[in-house]
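*Asks:* Any chance you could fold what I've pasted below:
(chains A and B)
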Amino acid sequence: MLNDVTFGQYYPTKSFVHNMDPRAKIVFIIAYIVAIFLADNFFALAAVTLFLIVAVLFSRVPFGRVLRSVKMILFLIIFTAILNLFFYSSSEELHMIWEWKFISVSWEAIINMIFLAFRLFLLVMGTSILTLTTTPVALTDGIESLLTPLKWIRLPVHELALIMSIALRFIPTLMDETNRIVAAQKARGANFETGGLIKRAKAVVPILIPLLVSAFRRAEDLGDAMDARCYSGAKGRTKYKKLTFTWRDLIGLLLFAALIAGVVLLNTYLGGKFEIIGYFVK
Amino acid sequence: MRIVAKDLTYTYNPKSPFASQALKGVDIVIEEGEFFGIIGHTGSGKSTFVQHLNALIKLTGGSLTVGDYDLSDKKCKFLELRSKVGMVFQYPEYQLFAETVEKDVMFGLKNFHKGMAEEEMKAAVKEAIGRVDLDYEDVKDKSPFELSGGQRRRVAIAGVIVTRPEILILDEPAAGLDPLGKKEIMQLLHAIHGSWCKTVVIVSHDMDEIAENCTRAAVFSEGKVVMEDTPAEIFKRSDELISLGLDIPVTAKCARVMKERGIEIDTDFTCDDFIAKTLALWKGQGGGNAQ
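*Replies:* Numbering: from 1, shown residues only, chains lettered A, B, ... in the order given. The predicted structure follows:
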């Protein structure tokens, strides 16, 4: 029932991207997202796509695996695309194709729709490369390290990172637990598949209560275990795996700088996204 | 009800990189009235197999019949089957959820017998709580979380047997209990076996438990049944069990040591029998004044 949800979809293999510093990867992803939204014509978008393809090739994760992450939000993409197609409006004059009451389709809307769908697609593909090539632990380490400056404003960065890694660590455990409790209640005749909304909501109680109790039990055990090993927060704590910035990260950084510069250049010299309409409509 | 499984196969997460075949053709027959033991490593498929018996896992390969229920038939009445085949999971005390013990034990009844009168249900709950040797008046209004671990486990068992299943399946019923608690739970299961449930199936990796209690047992290894026999016969093949990475009962360990010293002993590997036979042997060789 819950086995289909793969959380922390790390794809274990050795590659250039896997070996990069998680901090660098997080910064790159932010730059990549900026690039996606900066891109204002098809050439710039093509440049971002090319970059994505190169990143996938270097990560050695099968292409189908990366595509699968898009499947989860396919509905969202299609939904927003359709809304954009029919309800696009602008202060400038549009090249109308079809109109009916408040619904209309224009060339601009079509272009806008393609742009939007493609941007979402690139966004999800890019971020899933991050999660496919970085273990959750490395990811939280990276986030912690990047947020370190915020310690100056008294933000408990280390504690936040710890909370995050504990949460990530316990998702599969609680998932297993849920499956076990569901099976046990089903064996006692519980029915989760049929009935109205209220009946189904009520049916969740026999799962939720034991799950909650067990979550508290685990939290207490974990707290005791941490106490027993003298955990006392961030102060004086060293890392088992030190993050190091290497030549790989430098190459990546340069490539990303080139991407952003390229996108900006393509934007300025090759015009806006709607100029292509001129080829279809006189 | 007789359980007959033929060439049962099951794969978790089929058609994905995480696919793992848990059952690779299981053939097994469990007769009505048996106290059946299932032995095996973690990941040997024993839990997957028992979850097939009350259709918690849908049959995907092979055939399985439980009494008159044919589980390969899509029209099989699964809910009815589940009331006839009770299942107690590992650490069943963690599935308790209701405000009072009485309500929790009643949960199964309410699910299976929707039209039953409240009074009738209460009577059944009272009987079930009595059956697991708890004091009904004392515990019925308590929260399950107020009880001790052993008591909670009893309540959980009562919550399963309250529907009077013909077959009772228990996954590691004595796990996590102290030696006395283990003994009491096994005694309780024998009492239930004799009175309420015709067939009892226990999954265990405590070999002493199997040797002491079961009429017959099956050894699972890598998704297959490698032995199916009485415990006495199974533990005679202790070398094979060890090579499968399984433990053997204390009595079998002693028998092995004695065999190395040239003393053969014909026992069924229960403690009582083993001690009696050893004493007899010792006396026969002039072992002195043993009573």
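*Asks:* show me where the chain has helices.
*Replies:* You didn't say which chain, so I picked chain A. A:22-38, A:42-59, A:63-72, A:74-87, A:107-133, A:136-147, A:157-187, A:197-228, A:247-269, A:277-280 (DSSP state H).
*Asks:* please go with chain B instead
*Replies:* B:46-53, B:78-84, B:101-112, B:118-131, B:136-139, B:149-161, B:179-195, B:207-213, B:231-236, B:238-243, B:250-260, B:271-284.
*Asks:* so which of those gets nearest chain A?
*Replies:* Comparison of the helices of chain B against chain A by CB to the nearest CB identifies helix B:101-112 as nearest, at 2.9 Å. Placement of C-beta: from N, CA and C, glycine included.
*Asks:* anything in the closest one near chain A?
*Replies:* Yes. Using CB under 8 Å from any CB of the partner chain, we find that helix B:101-112 touches chain A at B:107, B:108, B:110, B:111, B:112.
*Asks:* Show me what from the stretch 51-200 of chain B comes close to chain A.
*Replies:* When proximity is defined as CB under 8 Å from any CB, the stretch 51-200 of chain B approaches chain A at B:51, B:54, B:56, B:79, B:82-83, B:86-87, B:89-90, B:92, B:94-98, B:107-108, B:110-112, B:145, B:159-160, B:163.
*Asks:* Now that we have the residues you listed, which of them are buried?
*Replies:* Among those, those classed as buried by 16 or more other CB atoms under 10 Å in any protein chain shown are B:51, B:54, B:56, B:82-83, B:86-87, B:89, B:92, B:94-98, B:107-108, B:111-112, B:159-160, B:163.
*Asks:* Show me what residue of chain A gets nearest to chain B.
*Replies:* residue A:189 (2.9 Å).
*Asks:* so who does that residue touch?
*Replies:* Contacts here follow CB atoms under 8 Å, 6 or more residues apart in numbering or on different chains; on that basis residue A:189 touches B:79, B:82, B:83, B:107, B:108, B:110, B:111, B:112, B:163.
*Asks:* do that again at 6 Å, thanks
*Replies:* B:82, B:108, B:111, B:112 (CB atoms under 6 Å, 6 or more residues apart in numbering or on different chains).
*Asks:* Over to residue A:258?
*Replies:* The contact partners of residue A:258, by CB under 6 Å, 6+ apart, come to none.
*Asks:* Which pLDDT value belongs to it?
*Replies:* For residue A:258, the pLDDT comes out at 86.
*Asks:* Tell me the spacing between it and residue B:180.
*Replies:* 73 Å (CB to CB, to the nearest Å).
*Asks:* Would you mark the buried spots in stretch A:232-245?
*Replies:* Along stretch A:232-245, these residues count as buried under the neighbour rule (16+ other CB under 10 Å): residue A:243.
*Asks:* Convert it to CSV, retaining C-alpha atoms only.
*Replies:* The C-alpha trace of stretch A:232-245 is given here as CSV (Å, rounded to 0.1, in the frame of the first residue of the first chain):
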residue,chain,number,x,y,z
SER,A,232,25.2,18.0,24.1
GLY,A,233,24.4,19.9,20.9
ALA,A,234,26.6,21.6,18.4
LYS,A,235,29.3,22.9,20.8
GLY,A,236,32.7,21.3,20.2
ARG,A,237,31.3,18.7,17.8
THR,A,238,33.4,17.5,15.0
LYS,A,239,32.2,15.8,11.8
TYR,A,240,32.9,12.2,10.8
LYS,A,241,32.7,13.1,7.1
LYS,A,242,34.3,16.5,6.4
LEU,A,243,33.0,18.2,3.4
THR,A,244,35.7,19.3,1.1
PHE,A,245,35.6,21.5,-1.9
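*Asks:* so what are the domain limits for the chain?
*Replies:* Looking at chain A here, since you left the chain open. Domain ranges of chain A: A:1-156+A:242-282, A:157-233, per automatic domain parsing.
*Asks:* That was the other one, I meant chain B.
*Replies:* Listed by automatic domain parsing, the domain ranges of chain B are B:3-248, B:249-291.
*Asks:* What is the neighbour count of residue A:55?
*Replies:* By other CB atoms under 10 Å in any protein chain shown, 22 other residues sit near residue A:55.
*Asks:* Find the residue closest to it in space, skipping its chain neighbours.
*Replies:* Spatial nearest neighbour of residue A:55, excluding adjacent residues (CB to CB, 6 or more residues apart in numbering or on different chains): residue A:129 at 5.7 Å.
*Asks:* thinking again about what came up before, now the residues of helix B:101-112 next to chain A in CSV, with pLDDT?
*Replies:* Putting the residues of helix B:101-112 next to chain A into CSV (pLDDT from 0 to 100) gives the following:
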residue, pLDDT
B:107, 91
B:108, 89
B:110, 88
B:111, 88
B:112, 88
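*Asks:* That's all I had, so thanks and see you.
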